[in-house]
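Enquirer: Predicted structure and sequence below. I'll ask about it afterward.
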Amino acid sequence: MYKTRVFLSILFILFSLCLLSFSPFLSRSEAYAGSGLTLPDVSGWTCGALRTTVLDTVSGKQGVWLEREYRTTSGSKLRAVLMDTDSPKIEPDSGDYSEPGWSRRSLVILGYPATVENGPLGASVIVMLDKAYLRLESDPYGLPADDLTEAASVIMALIQSKKP
């Protein structure tokens, strides 16, 4: 009994030390605000919890990765990722491409360049914002590419309206 208590006490102390050693990282991630962009609540949609990951490297903070799951009024599920970064921009693919079961096309959504992909694993839309990019994805039985593009327009309009 005594050995068990000693073992548990040592285990608790080691666990506490591990938590304390990670606390500087936790406080840094809470302090980073990026440019203030966020994945907004969309009226009429079911909006999941917003998950935030700070992109922190040895050379400094590189941005923030925001992720959220939405369900549209029709009940279709989509996943949204907003990467707010000062890193070099990732340009969307240019030109249209198609082969059996997969296609890609370039377009402009609310004045920003975008790429829409549709394939066996579902559809995705990638939109390049000023210092961020927005990616929406749906599974093969979720929203088709055209509806996903419309959803991107809705989310982008809300992002722009709340821009600091």
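Expert: Structure received. Residues are numbered from 1 along each chain as shown.
Enquirer: who's in contact with the residue nearest to the spatial centre of the chain?
Expert: Geometric centre of the chain, nearest residue: V81, 2.1 Å, by C-alpha atoms, centre = their mean. Applying C-beta atoms under 8 Å, 6 or more residues apart in numbering to V81 gives the contacts 65-67, 134-137. Using the backbone N, CA and C atoms, a C-beta is placed for each residue, glycine as well.
Enquirer: now, among those residues, which is nearest to W102?
Expert: Nearest to W102 among the contacts of V81: E137, at 14.7 Å, using C-beta to C-beta.
Enquirer: Any regions of the chain where pLDDT drops low?
Expert: Where the chain drops to pLDDT under 70, the residues are 1-35, 86-97, 163-164.
Enquirer: ranges for the helices of it?
Expert: In the chain, the segments counted as helices under DSSP state H are 2-31, 145-161.
Enquirer: Could you measure from the residue nearest to L37 when sequence neighbours are not counted over to P100?
Expert: The shortest distance from L37 to any non-neighbouring residue, by C-beta to C-beta, 6 or more residues apart in numbering, is to D84 (4.9 Å). Here D84 is placed at a distance of 37 Å from P100 (C-beta to C-beta, to the nearest Å).
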